[in-house]
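Asks: Sequence first, then the predicted structure, then my questions.
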Amino acid sequence: MEKLFNRGTGWLRIATLIGTLIVSLVLSGCASTGADYGRLERNRDLERTLLSYEVLPDHHYYTSGGYDKPNAILGIHKDYELVTDLWHSIPNVNTAQMRKWIDTISPDQDYGRKGYFAAYILDPAGNKVGFWYSIQDTTTIKFLGDNKLQVYTPDLFQPGELSGDGGKTNIRIR
């Protein structure tokens, strides 16, 4: 005990120990958010499926940004529940509806040299739980437990939609 309190090093050791404890507590608090996060995995076969207006069985469909011209189409497997106030649930989606959406949002249009992005939604373990189709290639996916998840919507407006400048101005609304 006497060596711990040496004049030169005793207080330095105590300060280092307390500092390490504080940093550990802060970092552990940041790491435990209460939610597990999923991710998107781009898939060209899924893109071809969507571009052929195929409706995936056992999925609930949602849109963001409007029914007639959505910013995104979201499909969540029936074993999962989407917790949301922003996505619009679309019942009874069929091939004709998919054709209308896909043809309207013009996946071949040049939005800054990138078209729409088709990706599977994966849970933290890497299992497919749905799909994402949007001009944006990123989003936040939170798994809340009991097969419930949140998927953040993309920006409400597409590049140049309000500005009339052919896509040179990006407007972001959250």
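Replies: Perfect, I can see it now.

Asks: Glu81 and Tyr120, how far apart?
Replies: In this view, Glu81 and Tyr120 are 18 Å apart by Cβ to Cβ, to the nearest Å. Where you see a C-beta, it was placed from the backbone N, CA and C, and this is true even at glycine.

Asks: just Lys69 next, same as before
Replies: Taken as Cβ to Cβ, the span from Lys69 to Tyr120 is 24 Å.

Asks: try Glu54
Replies: From Glu54 over to Tyr120 (counting by Cβ to Cβ), the distance is 15 Å.

Asks: Neighbour count for Glu81 and Tyr120, which is higher?
Replies: When neighbours are counted by other Cβ atoms under 10 Å, Glu81 and Tyr120 differ, and Tyr120 comes out ahead with 20 against 13.

Asks: correct me, but that one touches Asn127?
Replies: No - in this structure, Tyr120 is not within contact of Asn127 by Cβ atoms under 8 Å, at 9.5 Å.

Asks: got a list of contacts for stretch 67-79?
Replies: Identification of contacts with stretch 67-79 by Cβ atoms under 8 Å, 6 or more residues apart in numbering yields 50, 56, 58-65, 82, 87-88, 90, 100-101, 104-105, 121, 128-136, 147, 149, 151, 153-158.

Asks: Hmm, Gly115 is touching Ile135, no?
Replies: Yes - if you go by Cβ under 8 Å, Gly115 and Ile135 touch, sitting 7.5 Å apart.

Asks: out of those two, which sits in the busier spot?
Replies: Ile135 (20 against 16).

Asks: That one against Ser64, yeah?
Replies: No - the criterion here is Cβ under 8 Å, and Ile135 misses it with Ser64 at 10.9 Å.

Asks: which residues do the two both contact?
Replies: In contact with both Ile135 and Ser64: Asn71, Ala72, Pro154, using Cβ under 8 Å, 6+ apart.

Asks: Where does pLDDT dip in this protein?
Replies: Within the chain, the stretches with pLDDT under 70 are 1-12, 15, 17, 19, 21, 23-35, 106-114, 156-174.

Asks: Mind jotting down where the helices sit in this protein?
Replies: Counting by DSSP state H, the chain has these helices, from start to end: 10-31, 44-51, 95-105.

Asks: re earlier: I would like a PyMOL command selecting only the buried ones among the contacts of stretch 67-79, please.
Replies: The buried residues among the contacts of stretch 67-79 can be selected in PyMOL (16 or more other Cβ atoms under 10 Å) with this line:
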select buried, resi 50+59+60+61+62+63+64+65+82+87+90+101+105+121+129+130+131+132+133+134+135+136+149+151+153+154+155+156+157+158
